[in-house]
Structure formats: structure tokens, C-alpha cells
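**Student:** Mind looking at a prediction? Sequence and model below.
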Amino acid sequence: MRILRFVLRRLLQLVPVLLGVVVLTFLLVRVLPGDPIRTILGPNATEADAAAARARFGLDRPLWQQFLDYVGGLFTGDFGTSIQSGAPVGSEMALRVGPTMELVVIALAVALVLAVVLGIWSARHAGRFGDHTVRVAALIGNSVPEFWLGLVLVLVGYSVLGWFPAPSGRVDPDTELSLITGADLLDAALTANGPAFVSALEHLALPVATLVIVIVAPLLRSVRASALEVLASEAYTAAAAHGLKGRLLLRGYLVRATLVRLPALAALVFGFSIGSTVLVEYVFSWQGFGQWALRGLLYRDYPVVQASVLVIALFYVVVFLIADVVHAILDPRVRI
Amino acid sequence: MAEASGVREAGADRRFASSLITVGSVILAVVAVAVLFAPLLSSWGPEEIDPLASLAPPGGAHPLGTDLNGMDVWSRVLHAARLDVGIAVAAVALAVVAGSLVGLVAGYRGGWADDVLMRVLDVFQAFPTFILALAVAALLGGGTANLVAVIALVNAPAYARLVRAEVRSIRELPFVEASLTSGSSFWGVLWRHVLPNSLTPVRVIAPLNCGWAMLTLAGLSFLGLGVPLPTAEWGAMISLGSGDVVAGRWWTSVPPGLFLLICVLGFSLLGEGLQERADSTRR
């Protein structure tokens, strides 16, 4: 019950933030230079053509009316019509979210496991050579440009060794994978399409590896820092002094107490990895959400920009909310 | 016994911190030399075209080969350091000044100004910073001044929060009250006593932030939102060379990224070392 009230209160706090995002995006995209109509008409269009096109997308009406229409549409799940493609933004976006989520979720999962194992190991060997190596490696991971790392992996994995497919697309088209969620690995599993599953895995390997290397570093640092604190705590010292067995000490005392801090950080890293994913998608021609949103931005496709910005903000704040809830479950002190 | 090992660990921590700071400083010093003497270290201009060599492999007249346009990669990589380091440092400096001032006033004054500021920062922080930079840069358009502004804009909120939190605890301290009751003016106290003391965490974060700003800048340029070609800039160079990778031509994209990595690493090592030293002193 307490948890439920905690969640409700946090959800209410999100409302003004998201409202701010909606208003700000709506205004900014219109105030700043750039005209979406000119980009679809081409150089030979007359003023009359432009005016007609503007009327078709409702851009000739007063700003407040456009805004009310937009917000009204949001309540019914209508994100408007893309100026570039003429298709509904909602269904276009639905196709793009799956591939990107697949990339981010797998990378984050791998990075979390790696960070916990390496971070705790590093803390237990604090100050020694292995610990210093792990920390310097994490610093390098923190400093590497992800788009360049992706290119280097392509160079080695595809051009030199030939072990992985070329960086174009997410699955071999010959496998005739039918689209369900957009996340190819999941779709292949759902339709029991073996070759597509293997192909999707091969295509995922390099982009996932790129993301993992970039996001594991901050996670690792934090796990190590919390593990060090736990190791120095009185509770742990007492448990160790009572002669508890090594495995019990590790699982019962060190790991759980260390993991308490992880959710908030994982949420932060999730946001960071959304940013990196835009670049990684670009390198691997992933055709996901990031590339779609970027194209929308470049062509000033108002509805696409508004929808993608809102969805990213929504995802981000909801992930933080989930992190807070997990934290509250792990650490009862937070709920008070 | 426990105490003795604690002391030994603190000593080891401090030594590790010192070596991080040393290596980071050496890297940054080398970068500074490259920035200053770039024209002397390369025989070609950064935008000079060799009409006889397009995509020439490393060796001969071009130590790192040439790119698609026949420009010397070595010269461009060196000259790009000026722009990349310059923009990043300028942006972080601007973010520190603007963010600290806002945080200072909001934290010291409190009240409605503080409330409004915190709500605005909430909206800012509803986005991953790179996404925010990407959106603003795409809408504003590229160019050096715009890039400095964009990168400063996305970094400033963090400083505002940091300084605000520090100020709120410092303003309650006795020496502030003492200074006020002895007749110092509001702004005088703010400037002379509160500001210097609230900047401690900023000093540690700023170097780390410079590295991150360089990555943001290069990322934006890679996507075509930063500095336009033919200006020598690492992200734009990697972008131009990205098509060569599939054909196995490494020299157009690997060197600029490697230089960027080393430079960011210099800032990271320095920042990490400063942080570690601050932590071990506190302990």
C-alpha cells in the first residue's frame, strides 16, 4: 500500500514536467529557423503551392489553435501526420521503437551483469594491480567516442576478419522475417524462424558490443564505489568477524547492499545510452527510433519532432520512476 | 590493525590519484603543444588539397595518408585539436560561469526565484543531455558560436544544481551570519564568502566535463550538425571517413578518433585523479 502511494505521488509530480516538455517543444520547433513545407516542395514551388501545403497541414491557423489541436490529439493517442511522409506519426513511430529498444535493453542487461561482477571483484581487490587495471579500463571506456568505436569494430569484425555482417540493416532480408514487434530477435523467436534468429543475433553483435563498452564504465565505477563502502561498513565487518562463510558473506551481505544504489544509476545510464544509440544506429544503419527522430529534426517535421521528443522524455522519466520504486523495494528507508 | 591497513590504503589511493593526475596532465600538455605548433608539425595545410592523391594510403608525402578530398590526414588531425579543445573548453567555462551564477543567486535567495529555477531545471533534466544537445543544435544550426552555446546550455543545469546545493548549506554557517551582522552588504558576502566556498565541487567536475564536451561536439559533427567541412574537426573527419571503413581503408577515420580518445582520456584521468584526491582527503 505504501509503495502504491509512493508511486502515485511520483506520477503526479511527472505531470508538470511533461506539460513543460510539450509546450517547450511545440514553441521551440516553430520559433527557431527552418520551414518544414519548403523541404517537401522543392525549389520550383510557388508561394501559392506553399500556402496550399501549409493549409493542408493546418500550419496557417493561429498558434493557440494548433496547440489545442495537438494536445487534444495527444489525449486520444493521435500524434498528428508526418509532413515528410504523410503517414500517421504514431504508427511510424511504433515501427521504430522496437529495434531501438532491442538494442538498448540487451546492451544495458549485458553491461549491468559485467559491471556488477567486475565492480565487486575490483572492490575486493582494492588498491592492487587488478583493481587499478579495471579502473583505468573503465576510464578509457568512459572516454571513447561511441560512433568511432562502432566504426573500428566494423573495420575489424567485418572488413578485416569477415566474422560479422556489413553494417546495413538488422537482419538478412533472405530470411523472410515477418514483422510483429519490430524487435527482430523477438519476432524471429515468436515466429520460430531459426535462420532469422541467427541472422538477427549476428547483426546485433557489433552494435551491442559498442554500446556495452561505452555504458559499462560509469556503472562499473559506481558498483565499485558502493561495494567499497559496504566492505568498510560496521555491519559487514561484524558479519565477517562472526566467521560467516565466504559465500554467505558475499551473497547476503556484500552483493545486496551494493545493488541498492544501482537502480538510480542504471536509469541515468539508460538515458545516456539513448543518446549513444542515436550515434550507433547511424553507424550501423539500424533504421531505428534515433535515425527517424534525427531525420524529423533535420527536416523540421513538426509532428515527428514533437512526438519523438515527448516519447524520449516520457521514457526517461518513467525509467527514473521505476528505478525509484525498485530502490524503495530494496531499501525500506526510502519509503518513510 | 584495521586502522593501520586503513592508513595504508589511503596512502595507496593518494599515490594512485597522483599518478592519474600526472598521466592526465602529460597527455594534456602534449595536446597543448600540438595545438600551438600544429602548422610547424605538418608540411601540408589542414585544408590544402593534393590533386595527385585522393585516399592515398599512409606513407611518402602523407604520413597518415589523405582523405576523399585529397587532404592530408595528419595535418587535419593536428589542426582539429585547436577547434575541438577550444570549443569544449569555452563551452565548459561558459557553463560553469552561467550555471554557478544562477545556482548562487537561487540558492542564497531561495523563495519563488528558486522554485521557478528548479522547475525549469526539471524540464531540462527530463532529457538525456546528448539528446538535448542534438535537438537544440539541429534547430539552431551549426557553426562555432552556436556549438559553444549549445554545449554550455546542456551542461549549465548540472552546475546550477551543484552550486545551489553547496550555497544552501554554506549560507547557514556561522561565518556568513557573522559577516552579515558586522555590516557587510548582501552582495559582498555572496561574492567574497559564499561563492569561493561553493565552487569546490565544480573544480573537480569541470575537467571531466571538458572531455565529455569534446565527445558531444564530435558526436554532433559526426551527424552533420556541427562544424561544416572542409574545416578540420575530429567528428566531421570520422564522418567523412566512415564510408571508407567497409572497404578496409582505416586511415581516414581511425586517427581522428584515436586523437579524440586520447585527448578525452587526458581530461578524464585528470578529473578522476582530482576526485580521488578530494575523496581520500575527506576520508
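**Tutor:** That came through, no problem.
**Student:** Let me see the contact set for the residue in the stretch 151-283 of chain B positioned nearest to chain A.
**Tutor:** In the stretch 151-283 of chain B, the residue that lies nearest chain A is B:Gly257 (3.2 Å; C-beta to the nearest C-beta). Just so you know, the C-beta spots here come from the backbone N, C-alpha and C atoms, and that holds for glycine as well. The contact partners of B:Gly257, taken as C-beta atoms under 8 Å, 6 or more residues apart in numbering or on different chains, are A:145, A:148-149, A:151-152, B:234, B:238.
**Student:** Can you tell me, leaving aside adjacent residues, what's nearest to it?
**Tutor:** A:Trp148 (3.2 Å; C-beta to C-beta, 6 or more residues apart in numbering or on different chains).
**Student:** list the helices and strands the helix or strand containing the one you found packs on?
**Tutor:** Using DSSP states H and E, A:Trp148 falls within helix A:146-154. Packing partners of helix A:146-154 (3 or more C-beta pairs under 8 Å, 6 or more residues apart in numbering or on different chains; DSSP states H and E): helix A:194-232, helix A:262-283, helix B:200-222, helix B:234-245, helix B:254-282.
**Student:** The same query, at a cut-off of 7 Å, please.
**Tutor:** Contacts defined by 3 or more C-beta pairs under 7 Å, 6 or more residues apart in numbering or on different chains; DSSP states H and E place helix A:146-154 against helix A:194-232, helix A:262-283, helix B:234-245, helix B:254-282.
**Student:** Which helix or strand lies directly C-terminal to the longest one?
**Tutor:** Later in the chain than helix A:194-232, the nearest helix or strand by DSSP H and E is helix A:234-241.
**Student:** buried residues in that following helix?
**Tutor:** Buried residues in helix A:234-241, defined by neighbour count with 16 or more other C-beta atoms under 10 Å in any protein chain shown: A:236, A:239.
**Student:** just how off-centre is it within its chain?
**Tutor:** Relative to its chain's centre, helix A:234-241 lies at 39 Å (C-alpha atoms, centre = their mean, to the nearest Å).
**Student:** for chain A, what are the nearby residues on the stretch 151-283 of chain B?
**Tutor:** Applying C-beta under 7 Å from any C-beta of the partner chain, we find that the stretch 151-283 of chain B lies next to chain A at B:211, B:215, B:218-219, B:222-223, B:238, B:242, B:245-246, B:248, B:250, B:253-254, B:257, B:260-261, B:264-265, B:268-269, B:272.
**Student:** Which members of those residues are classed as buried?
**Tutor:** Buried, going by 16+ other C-beta under 10 Å: B:211, B:215, B:218-219, B:222-223, B:238, B:242, B:245, B:250, B:253-254, B:257, B:260-261, B:264-265, B:268-269, B:272, out of those.
**Student:** Any of the contacts of B:Gly257 buried? List them.
**Tutor:** The neighbour count (16+ other C-beta under 10 Å) marks A:145, A:148-149, A:151-152, B:234, B:238 as buried among the contacts of B:Gly257.
**Student:** backbone phi and psi for B:His62, please?
**Tutor:** Note on B:His62: backbone dihedrals following degrees, to the nearest 10 are phi -120, psi 100.
**Student:** residues near it, how many?
**Tutor:** B:His62 has 23 neighbours, counted by other C-beta atoms under 10 Å in any protein chain shown.
**Student:** Verify the stated contact: it with B:Ala56.
**Tutor:** Yes - between B:His62 and B:Ala56 there is a contact at 5.8 Å, judged by C-beta atoms under 7 Å.
**Student:** How far does the helix or strand of chain A with the lowest mean pLDDT sit from its chain's centre?
**Tutor:** Counting by mean pLDDT, DSSP states H and E, chain A has its least confident helix or strand at helix A:246-248, which shows a mean of 73. Helix A:246-248 sits 36 Å away from the centroid of its parent chain (C-alpha atoms, centre = their mean).
**Student:** Many thanks, I have nothing further to ask.
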